[in-house]
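Colleague: curious how this folds, go ahead:
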Amino acid sequence: MSPKRVLFIASLAILLLYSFMPASASVLGDVRGVVRDPQQRLIKDAKVTLRARASDFTLTGLTDDDGAFLFRAVPVGEYLLTVEAAGFRKIEQPLTVVSGSAPVLQFQLEVAPLSQSVDIIAKPELIGSDSPTPSTLVSRAEIDKTPGASRSNSLSMITNFTPGAYVTHDQLHIRGGHQVTWLVDGVPVANTNIASNVGPQFDPKDIDYLETQRGSYSAEYGDRTYAVFNIVPRTGFERNREGELVLSYGRFHQTNDQINFGSHTSRFAYYASANGNFSKFGLATPTADVLHDEAYGVGGFASLIYNATLRDQLRLVAAVRGDHYQVPNDSDAQAAGIRDEERERDAFVNFSWVRTLGSDRLLTVSPFYHFNRADFIGGRSDTPLIPNEERSSQYGGAQIVFSALTRRHNAKAGVYVFFQRDNAFFGLEATDGSGLNLRQREKPTGNLQALFLEDQCKATSWLTLTGGIRLTRFSGSLDENAASPRVGAAIRVPRVNWTLHGFYGRYYQAPPLSTVAGPLAELAISEGFGFLPLHGERNEEYQIGLTAPINGWVIDTGYFHTAVKNFFDHNSIGESNIFLPLTIESVHVRGWELTLRSPRISNRGEVYVTYSHQRIEGHGGVTGGLTDFAPPEGGSFFLDHDQRHTLNFGGDLSLPGRSYLAASVHYGSGFVDGEGPEHLPGHTTFDLSGGKSFGEKWSVAVHALNAANNRFLLDNSETFGGRHFADPRQVYVELRYRFHY
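Modeller: Take a look at the predicted model:
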């Protein structure tokens, strides 16, 4: 029997087996607990209310005969939990809900005195603390205040708050790689392409919360070990027929504008936005001078939630975006009249049906569609060849997840399937009079099926075990199968509430469908290049760490080691800035990470620190793709984005008169110098922002990025990414106007 048929039968069997079990979408969590009196007797019919801190989203329930309560399918975010019962003092506790975990909270009510009061438990409980996965949660309020983070082309909401995350050669890198998994409202955004897009898929102003997970994933999460980004979109629950207009203007004539609307009833919520941006500074430049570097884009976003019945919720998220970039020049290219361009398009729509089956079971069915396009248009003055590349990819599929939550188990089973079709064109036209004009168009197809099973078992009150497996089959230019087991443990230290966690797991990432072949490959081979087919990337990761809440502060630290076979990277053709995918035989990433987040200090301000020490080392040669790259003698080398020390420090401070100040400092010890092993000098930049609200409708803010205008050579890779200088100082003013309609 063929492997494809075996996987199909196994998928069908599990669907039947779990057809009466529930599911929790990846962007949702669970809140449960037990309520007792001072004599440790269980309290029945205590009223429990869970209210979002930034919107009107509210859940209410009563404790059962065992004093227990349970809220399923709670969106990731910050909440206030209230517990009250007749004759007892009411308790309020801040909670932070993260995805994929459901520890049991314990509450003890005190007898109410003659004068009623409320006990407020100041320390926020992290609901995901029984998970071995290190996570970072960034709220909409933090995105708005962090310098530059709310711009549509900004990744500061990631790089400021996530250790080991930075942008180099216009690509986000984290934990040694640049292939990450994006989920919107719990649904993965399918994408097998590598480094073909530099434009944003999401406008940060449309995000309510961003949850970043760094390794140690459950089997539910897909195939990319470097990072998983859970986007909780704005829904309209924070609005009541309200809109907001955002306008900005600053250096390089940059503007980043948006208008959005939102509202809700008891059963329906909606949010919609449209945005546009322009700047004379877009992509990172090869010199300190900014030449031929305009960028502009437009986009739209919509989110709809409808509670059809008490058990059925329907959710729809859709977005569309287009970006245009001039490829920046150095002085020689500018004088030669080179005018290359990059054009990108992206659109997706996700629909989810969330069905509650009893009090402890959930089913989520999520069909999706994703379109992505990236075109590099060579200018007529390019020499000696004019390169052109056009690539579009369409993905259609679905994710089905079932879960069952009991006192000791949080079990899940699911299927993730998509079909892909590419339309790719690649051409080279000589400008030396030889008449060479090679063109290639291919329309490859592929598909992926993944099946996962997992369980999170509360073995004791202090020990949580997780285990699961993800089975994947990919069919494209080649067929591959992978089995990815994952196991982890979290040990909660009594009294201090610290959590020790450990994990071991494997991952498989499907390869891109489109690459160079045919006459173009033959030409490249004749010029000293080589071509090999691309295989999927396979990762093996282990990680240990500690999460320690101390008086409201949260310290998270850990060590990870990722061993990679067929590491996905990219290489450019000459000076064309066209990146073609390739795979490296073996890469090892070792790192130690630290995050520190403070509570709201004196209700005035908070600070954060992220630090990473990592080593990204390649071994062997190139195993796939089109390249002329050969590793140094000895077969060992550092990747072009290897940076040993990365440190971010920042925070915000509330001032009188409804105003604030925020700052962030960024230090990097320097990327590899050329082919290495030496590294470029260390560098430090800092950003500032400040704002003030005028009544309930108007607010203004000023942002200064790289405020000291510290220009330095950021990277000068001779192999992969090219040469780039740090971004120049950018100062802009942002105006917001809130209105009712």
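Colleague: so what's the residue nearest to the spatial centre of the chain up against?
Modeller: The residue lying closest to the centre of the chain (C-alpha atoms, centre = their mean) is F229, at 2.2 Å. Applying C-beta atoms under 8 Å, 6 or more residues apart in numbering, we find F229 in contact with I158, V180, T181, W182, L183, L210, E211, T212, Q213. C-betas here are computed from N, CA, C, even on glycine.
Colleague: strands - which of those land there?
Modeller: Under the assignment DSSP state E, those contribute T181, W182, L183, L210, E211, T212, Q213 to strands.
Colleague: tell me which element the spatially closest residue to the fourth one that is not a sequence neighbour is part of?
Modeller: Once its chain neighbours are removed from consideration, L210 has its nearest residue in V138; the separation is 4.7 Å (C-beta to C-beta, 6 or more residues apart in numbering). In this assignment (DSSP states H and E), V138 forms part of strand 135-139.
Colleague: mind saving the C-alpha coords of that strand as PDB?
Modeller: Extracted C-alpha coordinates of strand 135-139, given in PDB (Å, rounded to 0.1, in the frame of the first residue of the first chain):
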ATOM      1  CA  SER A 135       6.200  32.800  24.800                       C
ATOM      2  CA  THR A 136       6.000  36.500  24.600                       C
ATOM      3  CA  LEU A 137       2.700  38.400  24.500                       C
ATOM      4  CA  VAL A 138       2.600  42.000  23.100                       C
ATOM      5  CA  SER A 139      -0.600  44.000  23.400                       C
END
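Colleague: only C-alpha atoms, please: export the helix or strand that that strand is followed by in PDB.
Modeller: Per DSSP H and E, the first helix or strand lying C-terminal to strand 135-139 is helix 140-145. Coordinates of each C-alpha in helix 140-145 appear next as PDB, following Å, rounded to 0.1, in the frame of the first residue of the first chain:
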ATOM      1  CA  ARG A 140      -2.100  46.600  21.100                       C
ATOM      2  CA  ALA A 141      -1.300  49.300  23.700                       C
ATOM      3  CA  GLU A 142       2.400  48.300  23.700                       C
ATOM      4  CA  ILE A 143       2.400  48.300  19.900                       C
ATOM      5  CA  ASP A 144       1.000  51.900  19.800                       C
ATOM      6  CA  LYS A 145       3.600  53.200  22.200                       C
END
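Colleague: now for helix 140-145, which elements pack on it?
Modeller: Applying 3 or more C-beta pairs under 8 Å, 6 or more residues apart in numbering; DSSP states H and E, one finds that helix 140-145 makes contact with strand 207-213.
Colleague: re the thing from before, list the strands paired with the strand holding V138, with their directions.
Modeller: Applying DSSP bridges, strand 135-139 is found paired with strand 207-213 (antiparallel).
Colleague: neighbouring contacts of the strand it pairs with?
Modeller: Taking C-beta under 8 Å, 6+ apart as the rule, strand 207-213 contacts 27, 54-55, 75-78, 98-99, 133-140, 143, 157-158, 161-162, 221, 227-235, 238.
Colleague: right, and the helix or strand after it?
Modeller: On the C-terminal side of strand 207-213, the nearest following helix or strand under DSSP H and E is strand 228-233.
Colleague: and the host helix or strand of L245, how far from the chain's centre?
Modeller: Using DSSP H and E, L245 sits within strand 242-250. Relative to its chain's centre, strand 242-250 lies at 25 Å (C-alpha atoms, centre = their mean, to the nearest Å).
Colleague: can you check stretch 306-318 too?
Modeller: That offset, for stretch 306-318, works out to 24 Å (C-alpha atoms, centre = their mean).
Colleague: how about stretch 308-326?
Modeller: 16 Å.
Colleague: I'd like the next helix or strand past the worst-scoring helix or strand of the chain on mean pLDDT.
Modeller: Least confident helix or strand of the chain, by mean pLDDT, DSSP states H and E, is helix 3-17 with a mean of 41. The first helix or strand that comes after helix 3-17 along the chain, using DSSP H and E, is strand 28-36.
Colleague: neighbours around the residue nearest to L210, how many?
Modeller: Counted with other C-beta atoms under 10 Å, residues neighbouring V138 total 22.
Colleague: thinking it is in contact with L155, fair?
Modeller: No: contact criterion C-beta atoms under 8 Å: V138 and L155 do not qualify, at 11.6 Å.
Colleague: tell me the secondary structure at H570.
Modeller: Look at H570: counting by DSSP: H, G, I helix; E, B strand; the rest coil, its state is strand.
Colleague: these two touch, right, it and L582?
Modeller: Yes: with contact defined as C-beta under 8 Å, H570 counts as touching L582 (6.5 Å).
Colleague: the more surrounded of these two?
Modeller: Shown here are H570 and L582; by other C-beta under 10 Å, L582 has more neighbours (24 against 19).
Colleague: any idea what that one is bridged to?
Modeller: D569, G625.
Colleague: shouldn't it be in contact with F567?
Modeller: No: with contacts counted by C-beta under 8 Å, L582 stays clear of F567, the gap being 9.2 Å.
Colleague: which one is F368 nearest to, not counting chain neighbours?
Modeller: Counting by C-beta to C-beta, 6+ apart, N350 is the residue found nearest to F368 once chain neighbours are left out, at 4.6 Å.
Colleague: find me the pLDDT at the one you found, would you?
Modeller: In the predicted model, N350 carries a pLDDT score of 94.
Colleague: what about it, distance to G605?
Modeller: 37 Å (C-beta to C-beta, to the nearest Å).
Colleague: out of those two, which sits in the busier spot?
Modeller: Using other C-beta under 10 Å as the criterion, N350 and G605 rank with N350 on top: 24 against 16.
Colleague: helix, strand or coil for the more buried one?
Modeller: Taken by three-state DSSP, the conformation at N350 corresponds to strand.
Colleague: residues touching it, list them.
Modeller: Per C-beta under 8 Å, 6+ apart, neighbours of N350: V184, D185, V187, R315, L316, V317, A318, S366, P367, F368.
Colleague: now with 7 Å, please.
Modeller: With contact taken as C-beta atoms under 7 Å, 6 or more residues apart in numbering, N350 is in contact with V184, D185, V187, V317, S366, F368.
Colleague: so which of those residues are in strands?
Modeller: V184, V187, V317, S366, F368.
Colleague: pick the one among those residues closest to L713.
Modeller: Using C-beta to C-beta, V184 comes nearest to L713 of these, at 36.1 Å.
Colleague: state the number of residues packed around the nearest residue to that closest one once chain neighbours are set aside.
Modeller: Leaving aside its chain neighbours, V184 sits nearest to I231 (4.8 Å; criterion: C-beta to C-beta, 6+ apart). As a burial measure, I231 scores 23 neighbours (other C-beta under 10 Å).
Colleague: ok, the one 10 residues further on next?
Modeller: R241 is surrounded by 12 other residues when neighbours are defined as other C-beta under 10 Å.
Colleague: I figured it hits S263, correct?
Modeller: Yes: counting by C-beta atoms under 7 Å, R241 does reach S263; the two are 4.5 Å apart.
Colleague: would you say A333 is within a helix?
Modeller: Yes: when three-state DSSP is applied, A333 is found to be in a helix.
Colleague: what is the neighbour count of it?
Modeller: Neighbours around A333, by other C-beta under 10 Å: 22.
Colleague: with I550 instead?
Modeller: Here the number of neighbours of I550 (other C-beta under 10 Å) works out to 12.
Colleague: dihedrals phi and psi, it?
Modeller: phi -130, psi 110 (degrees, to the nearest 10).
Colleague: for beta bridges, what are the partners of it?
Modeller: According to DSSP bridges, the partner residues bridging I550 are W553.
Colleague: now do it against F649, distance only.
Modeller: 18 Å.
Colleague: do you know the pLDDT at the nearest residue to A219 once chain neighbours are set aside?
Modeller: Nearest residue to A219, sequence neighbours excluded (C-beta to C-beta, 6+ apart): G468, at 3.1 Å. Looking at G468, its pLDDT is 95.
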